[in-house]
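Asks: Mind looking at a prediction? Sequence and model below.
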Amino acid sequence: METSFKILNASSSCPYNECDGSGISLVVNEATRETKGRYCRCREERIYNNRLSFANIPSEFTSLTINSFNTNLYKKQESINTAAAAKKMTVNYIRQFEKFQELGKGLYYYSDTKGSGKTRLAVSLGNVLLKHLKKQVKFITCSDLLKEIKNTYNQDSQYTESQLIESLNQVDILIIDDIGVEKLTSWVNEMLFSIFDNRMKYKKITIFTSNCIIEDLEHDERIKSRLTKMCVPIKMPEEDIRKYLAIDENRELQDLLLR
C-alpha cells in the first residue's frame, strides 16, 4: 500500500504550493503521523536563479545551448569545418569535465574575426556548467573587469581592490570575454597577472575569448605563460556570423513593418 503524505506548510508564497516559501516542506506521514522536513522544488529553482544572477550572462545569451550552436550559419566550408571541430571539442570538454577540473584547465576560443561565434560558444559552455553541473559561473569582459577594479578606488565603493580580486579568485568558472582589446599599461598587466596567477595556482577554471592566439597578445610574457598553462586553445572560424544573424533579423522586421 502506498504511503500517503500531507504537506503541513503549503502556502501561495511557494510557486508549487508545497511549502511556505522557505524551500522546506513539512510533511506528515498519515499512517504513522510522523512529521519530517524535505526540500521543496522551489528551493532548487531559487538556487539556480541566484547562480544565474551572479553569473551576469547577457540576457541575449542566457538561453544558448551547445546544441543550438548552428555550424550551418557559416557560408564557407572551411568555416563550417572549423566551427564543427570547436563545437565537438566543447562537447567533449563537458563530457570529461572532471578531468579538466582536476587539472584546472579552461578553454581559449580565438579568431581574428569579430562576430565569429567565440562568445556564443563560450557562454553556451558556461550555461551548461551552471545549469546542469551546478557550478558557480561568472561572465565578464576583460575591459569591464578592469573597470570594476578601478571602481574600488572610489570613496563610495563597497569593496576594496583586494576584496574584489579575492572574490574573482574564488569563482568556480570565470569567463573572460575579449581579452586583448583592453589598452595595456603596467597597471593592467599587474592586475591581470595577479588574477591569472592565483586562478592557476588554485586550479580554478577560466574560459577566455580573444581576437588573437595567446602568442600574439601584447601582454606581459608572464601572463601569456600562465594563459598557456591554464587553457586549451580552440580555433574559431574567420567569418562574421553576427552580421548574418543581424541581416536575417532585420529582414524579418522589415517584413513585419510591411504587413
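Replies: It's in.
Asks: CA only for contacts and neighbour counts going forward, please
Replies: Fine.
Asks: ok now whichever strand or helix holds Ile149, how far from the chain's centre?
Replies: Using DSSP states H and E, Ile149 sits within helix 142-151. Relative to its chain's centre, helix 142-151 lies at 18 Å (CA atoms, centre = their mean, to the nearest Å).
Asks: Now do that helix: which elements does it pack against?
Replies: helix 161-170, strand 173-179 (3 or more CA pairs under 8 Å, 6 or more residues apart in numbering; DSSP states H and E).
Asks: Mean pLDDT, distance to Tyr108 and mean neighbour count for these - can I get that in CSV?
Replies: As requested, the helices and strands packed on helix 142-151 are exported to CSV (pLDDT from 0 to 100; distance: least, CA to CA, whole Å; neighbours: other CA atoms under 10 Å):
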stretch, mean pLDDT, distance to Tyr108, mean neighbour count
helix 161-170, 86, 18, 15
strand 173-179, 95, 10, 23
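Asks: which residue ranges form the helices in the stretch 51-200 of the chain?
Replies: In the stretch 51-200 of the chain, the helices defined using DSSP state H, counting those that start in this stretch lie at 77-95, 97-103, 118-131, 142-151, 161-170, 186-201.
Asks: between these, which gets nearest to Pro15?
Replies: When the helices of the stretch 51-200 of the chain are compared by CA to CA, helix 118-131 sits nearest Pro15, at 19.8 Å.
Asks: Report the inter-axis angle for the closest one versus strand 173-179.
Replies: 170 degrees (axes from the mean of the first three to the mean of the last three CA atoms, to 10 degrees).
Asks: list the buried ones in helix 118-131?
Replies: Under the neighbour-count criterion of 16 or more other CA atoms under 10 Å, helix 118-131 has 118-130 buried.
Asks: do stretch 9-28 as well
Replies: For stretch 9-28, burial by neighbour count (16+ other CA under 10 Å) applies to 9-10, 14, 17-21, 23-28.
Asks: my guess is Ile57 meets Leu125, correct?
Replies: No: here Ile57 lies out of contact with Leu125, judged by CA atoms under 8 Å, at a distance of 11.6 Å.
Asks: For the helix holding Ile149, which residues meet the burial criterion?
Replies: For helix 142-151, burial by neighbour count (16+ other CA under 10 Å) applies to Cys142, Ser143, Leu145, Leu146, Glu148, Ile149, Asn151.
Asks: Test my guess that the fourth one contacts Trp187.
Replies: Pointing back at Leu146 there. No: here Leu146 does not reach Trp187: they are 9.7 Å apart, not a contact under CA under 8 Å.
Asks: Any regions of the stretch 1-150 of the chain where pLDDT drops low?
Replies: 1-6, 8, 42-56 (pLDDT under 70).
Asks: All set, thanks.
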